[in-house]
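Novice: Here's a sequence, model it:
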Amino acid sequence: MTIELLLLLLALGAFVGVMAGLLGIGGGLIVVPALLFLLPISGIENEISMHIALATSLASIIVTSGSSAWNHLRLDNVDMFVIKWLMPGVVVGGFVGANLAEWIPTHYLPKVFGIIVLFLALQMLISIKRESQKTMPSNGVTMMYGAGIGVISSLAGIGGGSLSVPFLNRHGVEMRKAVGSSSVCGCVIAISGMIGFIIHGYNVENLPDYSVGYVYLPALAAIASTSMLTTRIGARLASSLPTAVLKKIFALFLIFVAGTMLL
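Specialist: Sure thing, here's the model as predicted:
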């Protein structure tokens, strides 16, 4: 790894940390596209770069979302009742998504990623002008939603904030609580998904040195070392900004990422 690449990854981690604390995302929406651009520069083959990007993103999310969740817990931005019923589903879904990724052709994964994110961006923009009056669904239905969030998140290498924040906010959870609760779920999704990618990448040939399965440890260390330091900045911003502003930032960010992946 060159000094230039290391500095880029450290800067990436710092930015990811702020966005994780602010929006309740694990950072995969930023890390996956960035690694897809940076990994080939470091000599990693295109055939395996997507799986390495997904796995390394999930591994970094464990640190980023864990740090973000801790800061949100301190600020009382987490709804523990919601966490209780989403958690079982996201654990199972995260592992299933990592297994599905192994069967989907590599060149389709960025497109699947982009379409999912674009849909969520449009949904968030629509919700800005109206406050949801829905209540949370039954416990069983909430667990099934959690499973779906886990599958898609692991498949896309994200922590699930782009899925769980709109879901929770649509069902009456205040935006700050949705962001904080999403951080907790994102950490659990990432652990489950990362384990799946490690198992499936264990005997793959041509992986770069210092890899554990598909997880590329040098990139993980660089991103995680700065992201865990900057999540507190984003968490404090999330606690001070109005809900409508948070939604606009979230939606515009999603549109940018979707456009990057689709084009």
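Novice: What count of nearby residues applies to Thr135?
Specialist: 8 (other Cβ atoms under 10 Å). Yep, even glycine has a C-beta here, placed from its N, CA and C like the rest.
Novice: Tell me the secondary structure at the residue lying closest to it once chain neighbours are set aside.
Specialist: Residue nearest to Thr135 in three dimensions, not counting chain neighbours: Gly172, with 5.5 Å by Cβ to Cβ, 6 or more residues apart in numbering. Recorded secondary structure, Gly172: coil (DSSP: H, G, I helix; E, B strand; the rest coil).
Novice: for Gly172, phi and psi?
Specialist: phi 90, psi 0 (degrees, to the nearest 10).
Novice: ok, which stretches of this structure are strands?
Specialist: 211-212, 215-216 (DSSP state E).
Novice: in the stretch 151-263 of the chain, what spans have low per-residue confidence?
Specialist: 157, 159, 243 (pLDDT under 70).
Novice: Show me where it has its helices.
Specialist: Using DSSP state H, counting those that start in this stretch, the helices of the stretch 151-263 of the chain run over 161-170, 175-201, 217-240, 243-262.
Novice: export the first one as CSV, just CAs?
Specialist: This means helix 161-170. Only the C-alpha atoms of helix 161-170 are listed here, as CSV (Å, rounded to 0.1, in the frame of the first residue of the first chain):
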residue,chain,number,x,y,z
GLY,A,161,-29.1,2.8,7.8
SER,A,162,-30.3,3.7,4.3
LEU,A,163,-33.0,1.1,4.8
SER,A,164,-33.8,1.2,8.6
VAL,A,165,-33.9,5.0,9.0
PRO,A,166,-36.6,5.4,6.4
PHE,A,167,-38.5,2.4,7.7
LEU,A,168,-38.4,3.6,11.3
ASN,A,169,-39.3,7.2,10.5
ARG,A,170,-42.2,6.1,8.3
